[in-house]
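[1] model the structure of this input:
(chains A and B)
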Number of protein chains: 2
Amino acid sequence: MTTEDKETRSVGTVFPQVVRFAEPLTLASGVMLHDYQLVYETYGTLNAHKSNAILICHALSGSHHVAGHYAEDPRAVGWWDNMVGPGKPLDTERFFVVGVNNLGGCHGSTGPSSVNPATGRPYGSHFPFVTVEDWVKTQARLADHLGIDCFAAVMGGSLGGMQALQWSISYPHRLRHALVIAAAPSLSAQNIGFNEVARQAITTDPDFHGGDFYAHGVVPERGLRLARMLGHITYLSDDAMMAKFGRELLGGAPHFSLEVEFEIESYLRYQGKKFSERFDANTYLIMTKALDYFDPARQTGGNLAAALAGVTAQYLVLSFTTDWRFSPARSQEIVQGLLANRVPVSYAEIESNQGHDAFLMENHDYFSVMSAYLERVAQECAP
Amino acid sequence: MTTEDKETRSVGTVFPQVVRFAEPLTLASGVMLHDYQLVYETYGTLNAHKSNAILICHALSGSHHVAGHYAEDPRAVGWWDNMVGPGKPLDTERFFVVGVNNLGGCHGSTGPSSVNPATGRPYGSHFPFVTVEDWVKTQARLADHLGIDCFAAVMGGSLGGMQALQWSISYPHRLRHALVIAAAPSLSAQNIGFNEVARQAITTDPDFHGGDFYAHGVVPERGLRLARMLGHITYLSDDAMMAKFGRELLGGAPHFSLEVEFEIESYLRYQGKKFSERFDANTYLIMTKALDYFDPARQTGGNLAAALAGVTAQYLVLSFTTDWRFSPARSQEIVQGLLANRVPVSYAEIESNQGHDAFLMENHDYFSVMSAYLERVAQECAP
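    Numbering: from 1, shown residues only, chains lettered A, B, ... in the order given. All right, here's what the predicted structure looks like:
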């Protein structure tokens, strides 16, 4: 594709919108939020029947900024811009696409770094933990606000895929399709272990101040850096890392120092630093906790099929061969749970060496499956 | 096996010995150590021909204390006590076994926490980085001290296996067999990445003080804890973790707090804390750097077979099916490199769900292979 093609296939300049909800929200924890806002973006046009809306749920570090760019910062391209745009698999000439920053986030929706109206100071440690179910509830309120009774599809990768799955459980009649990509029906003990190391890195950073670091004019950037470095290792496959970074020593020989010697060290330090400058530490804790808690089968004695008994959506479940964070076997658990309920489900295991990150990458097979499935969804939307 | 059997099959009470080397040692880094000591233990009896000695090399957090227990602390059992003892696969009634704490360690051999005779203070940041080649060189000096010209075998798991491999390269005529267990011919980029996160955890801990924390009366225990927590995740397989810890919430429901909620969190925190109380942070850095640097094929343009061209030992190479830290494919690289040189090598991939930790665990197939191979080694030792 030429640069011009890429340009013309972008949704172009976009702008975030904010909606404030004054109706109190009771969270899964029992905590009540009296007032909160969500920031969101939309691309494309809602049709007359309001039948062509697609909600995109973001993963751990994502946001509402899914596609296009901002007028004031042309380089701030949305995180799924390769997937979403005119003529792209999620075609914004056919769909009305909604991206939303989750509650507890740090990109404009109410979260730990927001000012608590009750105190006039950032929530910090007082911001409640939220669950995937809570997010879905707030996203349903956003749908109400936009006048969308039923989404053509709810979709997402990783933690975003978990939200799509939860949507189909919480609001079976408010979506026709759920696209669950590179997700899992729950975290494994290993997944939780990695999250716990990340959390301990943050909470034991002396600059964390029990979550109320805002008042001290510091951020626990050491902890955030470590959390992100670790995360990046789990997002890539061993092979992809080796292919991308190798193990050649800078200068060809050991330096016998703690400075950067291997390219992977440089990459991880850079990614960690960049992340620590833009992401909120409390949001990171909230996101990882939501991941740990997610387990629809907890309510049904560990029986996922039983947890999915009430769903009415149709499903596309996708996994990637070298994803060891949420392996294909975990996606297959979801497929089995759906099949046990005789629910229509399409499943594909996409060949990729990119590990978990594959869900964000352009890949012929992946994009072909997405295009074909969304073509079907689009045809159903025709008024 | 009954308790009595276990008791009688122990080497019993053991005691560490210390040898001081006054002959200067030039390290791979070019740094010269004028004086250093190694602490070691021996079990069994060296025969008249001194042909039955086996050297055991330890991994990242191991030590010279391989088998038996100390009179003053009967619970301090050696780290490979299940493998080494009378009637065990490494039979101390037939072999003279040597365990040694590596240079740079923190169990009695000269290392960063030792007093630098030049200053009267702990070496700290002034202790040089060492390589696997350096360790092998010091171990050869220990062999000289013990009057051992040629080991019947040099063996170890993980980083210990790398030392066994390096022995066969550095001193081809000083060992008859190399037992290379759960090792790799070099770290992958992913392996280095995990090491780098661990190092960053330690070095960014404010209590690290650039490595000279001893003078401040503190230890970077936050960093060490994180490093060890992360390490433990990579030592176990995903399946073994799930089988051992599951993902049940304590009390059956989320607590919505940062306290321990899952068993894996409790395990990792406990292991991290225990480790941070007994291990030296600078030694951890030195060990991970030695791992990163290890790469015999660096001298031969990446050609491992060429790096192994001069070896004369016979080999047993073992890997474990669910070891994702040093996967069977990495062991097979070693085997291929040896076969290319027409060197006698036995290889087995042992079925185990224990991940990398399998090399420390009792396992029927593993112990059978070890027993059979060492039986052959023992028969060759007969005077």
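[2] show me where pLDDT drops low in the stretch 1-150 of chain A?
    A:1-8 (pLDDT under 70).
[3] what residue is smack in the middle of chain A?
    Centroid-nearest residue in chain A: A:A59, 1.4 Å away (criterion: Cα atoms, centre = their mean).
[4] which residues touch the nearest residue to that residue once chain neighbours are set aside?
    With sequence-adjacent residues excluded and distances taken as Cβ to Cβ, 6 or more residues apart in numbering or on different chains, A:A59 is closest to A:S158, at 4.0 Å. Using the backbone N, CA and C atoms, a C-beta is placed for each residue, glycine as well. Residues in contact with A:S158 (Cβ atoms under 8 Å, 6 or more residues apart in numbering or on different chains) are A:A59, A:L60, A:I181, A:A182, A:A183, A:R325, A:F326, A:H356, A:F359.
[5] could I get the phi/psi values of A:S158?
    When read as degrees, to the nearest 10, the backbone of A:S158 gives phi 60, psi -130.
[6] residues near A:V66, how many?
    For A:V66, the neighbour count with other Cβ atoms under 10 Å in any protein chain shown is 27.
[7] quick check, it in a strand?
    No - with DSSP: H, G, I helix; E, B strand; the rest coil as the criterion, A:V66 is coil rather than part of a strand.
[8] close enough to count as contact, it and A:N82?
    No - using Cβ atoms under 8 Å, A:V66 makes no contact with A:N82, being 10.7 Å away.
[9] show me what from the stretch 101-250 of chain A comes close to chain B.
    A:128-129, A:131, A:186-190, A:192-194, A:196-197, A:199-201, A:203-206, A:222, A:225-226, A:229-230, A:232-233, A:236, A:238, A:241-242, A:244-247, A:249 (Cβ under 8 Å from any Cβ of the partner chain).
[10] taking those one by one, which sit in strands?
    Among these, no member is found in strands (DSSP state E).
[11] quickly find the element holding A:E23.
    Element membership for A:E23, per DSSP states H and E: none, as it lies in no helix or strand.
[12] could you report the neighbour count for it?
    10.
[13] list the contacts for the closest residue to it other than its chain neighbours?
    Take A:E23 and drop its neighbours on the chain: the residue closest to it by Cβ to Cβ, 6+ apart is A:R141, 7.6 Å away. By Cβ under 8 Å, 6+ apart, the contact list for A:R141 reads A:F21, A:E23, A:L25.
[14] strands of chain A, start to end?
    Remark: strands assigned in chain A by DSSP E are A:17-21, A:25-26, A:32-33, A:36-43, A:53-57, A:84-85, A:90-91, A:96-100, A:115-116, A:121-122, A:153-157, A:177-181, A:314-320, A:345-350.
[15] circling back to that earlier point, most neighbours of all the contacts of A:S158, which one?
    A:A182 (31 neighbours).
[16] now it: how far from B:T131?
    Here the criterion is Cβ to Cβ, to the nearest Å. By it, A:A182 lies 40 Å from B:T131.
[17] so which of the contacts of A:S158 is the closest to chain B?
    Each of the contacts of A:S158 was checked against chain B using Cβ to the nearest Cβ; the closest is A:R325, at 10.0 Å.
[18] which residues sit in contact with the residue nearest to the closest one when sequence neighbours are not counted?
    With sequence-adjacent residues excluded and distances taken as Cβ to Cβ, 6+ apart, A:R325 is closest to A:H356, at 4.1 Å. By Cβ under 8 Å, 6+ apart, the contact set of A:H356 is A:S158, A:A182, A:T234, A:Y235, A:L236, A:F320, A:D323, A:W324, A:R325, A:F326.
[19] would you mind giving the residues you listed as TSV with pLDDT added?
    Converted to TSV, the contacts of A:H356 look like this (pLDDT from 0 to 100):
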residue	pLDDT
A:S158	98
A:A182	98
A:T234	97
A:Y235	97
A:L236	96
A:F320	98
A:D323	97
A:W324	96
A:R325	97
A:F326	98
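[20] so of the residues you listed, which ones are in helices?
    The helices, defined by DSSP state H, take in A:T234, A:Y235 from the contacts of A:H356.
[21] so A:G310 makes contact with A:I169?
    Yes - A:G310 is in contact with A:I169 according to Cβ under 8 Å; the separation is 7.0 Å.
[22] between those two, which is the more surrounded one?
    A:I169 (19 against 12).
[23] so who does the nearest residue to that one once chain neighbours are set aside touch?
    The shortest distance from A:I169 to any non-neighbouring residue, by Cβ to Cβ, 6+ apart, is to A:P296 (5.7 Å). A:P296 is in contact with A:L165, A:Q166, A:I169, A:P185, A:S186, A:L304, A:A307, A:L308, counting by Cβ under 8 Å, 6+ apart.
[24] which one of those residues sits in the busiest neighbourhood?
    Going by other Cβ under 10 Å, A:L165 tops these with 33 neighbours.
[25] what's the closest residue to it other than its chain neighbours in contact with, if anything?
    Excluding the flanking residues, the one nearest A:L165 by Cβ to Cβ, 6+ apart is A:V180, at 5.1 Å. Residues near A:V180 by Cβ under 8 Å, 6+ apart: A:M155, A:G156, A:G161, A:M162, A:A164, A:L165, A:Y315, A:L316, A:V317, A:L318, A:S331, A:I334.
[26] show the end-to-end separation of stretch A:335-352, please.
    20 Å (Cα to Cα, to the nearest Å).
[27] now it: mean pLDDT?
    For stretch A:335-352, mean pLDDT rounds to 98.
[28] go through it and flag the buried ones.
    Across stretch A:335-352, burial judged by 16 or more other Cβ atoms under 10 Å in any protein chain shown covers A:335, A:337-339, A:341, A:343, A:345-350, A:352.
[29] kindly report the same for stretch A:244-260.
    Using 16+ other Cβ under 10 Å as the test for burial, stretch A:244-260 gives A:F245, A:R247, A:L249, A:P254, A:F256, A:L258, A:V260.
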